[in-house]
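In: Need coordinates for the following:
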Amino acid sequence: MKKRIPTQLIVGLGILLVVGGIIGGESLLVKWYPQHQAEVVKETLALKPFNNDGLGVEMQVAAGIDEKVEPFTGGVRIFSPRFWSTGPSITITSQPNPDGSAEFTPQQTAIWETDGVQHNLQRYQFEETRINGRDAVLIWQSLHRTMQLTARVISPDRIIEVQCTPGSAEEVLYMQACDESVRTIKVAGPPSPEPATPGLDEAKPGRPSAQR
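Out: Residues are numbered from 1 along each chain as shown. Alright, predicted model coming up:
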């Protein structure tokens, strides 16, 4: 008679195979996942050139946002569509600057700076800066549970407003994509004079704001 393999041995071997597979899978995941995440971040934040002569604006837009372009009267929307949720987007509008000023007035900046307190706006933050030689303001706030970064840039000819939001995508990553994109804005027209207020630093692309 042939000897039968003990049931206990079969069960033991099965357990060893399962445990070994789990350990091997976890080891592979631990090694692979960080590298995969780094590649996702790199691809998402890679900047792509965007230019619109009609709006008088040129900028670099993060690849994770720049998938489709949808023009409308007075502006353009750049976005990455999602099937079941709202994707990240950048909306750019341009309007004439009637008084030809190269800087926002102190009254305007004071209103924007205090809006968060005055209207009890969530996660509100204001920054006055310069972007590529132009006077600019950056405003972060939470709207309908979604963060939004608004950039306003003024030149003697026009005022550019850019609104960027991650939508339902990963907030930390796509707010960084928004930040790095808006800090590249170049507005067409004659150069703006040096700022009247000394010590106003030029904005540096890539400055993180996702955790604001």
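
In: Okay, buried residues for stretch 164-173 please.
Out: Of all the residues in stretch 164-173, those buried under the rule 16 or more other C-beta atoms under 10 Å are 164-167, 169-171, 173. C-betas here are computed from N, CA, C, even on glycine.

In: just these now: which is nearest residue 123?
Out: Nearest to residue 123 among the buried residues of stretch 164-173, counting by C-beta to C-beta, is residue 171 at 10.5 Å.

In: if we can go back for a sec, among the buried residues of stretch 164-173, which ones are in helices?
Out: 171, 173 (DSSP state H).

In: Including distance to residue 43 and pLDDT, could the buried residues of stretch 164-173 go into CSV?
Out: Formatted as CSV, the buried residues of stretch 164-173 follow (distance: C-beta to C-beta, whole Å; pLDDT from 0 to 100):
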residue, distance to residue 43, pLDDT
164, 18, 97
165, 20, 96
166, 16, 94
167, 18, 91
169, 13, 86
170, 13, 90
171, 18, 92
173, 11, 94
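
In: tell me the SS of the residue positioned nearest the centre of the chain?
Out: By C-alpha atoms, centre = their mean, the chain has its centre lying nearest to residue 178, at 2.0 Å. Classification of residue 178 using DSSP: H, G, I helix; E, B strand; the rest coil returns helix.

In: Let's see stretch 122-133 as CSV, backbone CA atoms only.
Out: C-alpha atoms of stretch 122-133 as CSV (Å, rounded to 0.1, in the frame of the first residue of the first chain):
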residue,chain,number,x,y,z
GLN,A,122,-11.7,78.6,6.6
ARG,A,123,-7.9,78.0,6.2
TYR,A,124,-7.5,81.5,4.8
GLN,A,125,-4.0,82.8,4.1
PHE,A,126,-2.8,85.9,2.2
GLU,A,127,0.6,86.7,0.7
GLU,A,128,1.7,89.8,-1.1
THR,A,129,4.6,89.2,-3.4
ARG,A,130,6.0,89.7,-6.9
ILE,A,131,5.8,87.2,-9.8
ASN,A,132,8.2,87.8,-12.7
GLY,A,133,8.5,91.5,-12.0
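
In: For the buried residues of stretch 164-173, work out which two are farthest apart.
Out: 164 and 170 (14.2 Å).

In: quick revisit: quick one: the residue nearest to the centre of the chain and residue 86, what's the gap?
Out: In this view, residue 178 and residue 86 are 14 Å apart by C-beta to C-beta, to the nearest Å.
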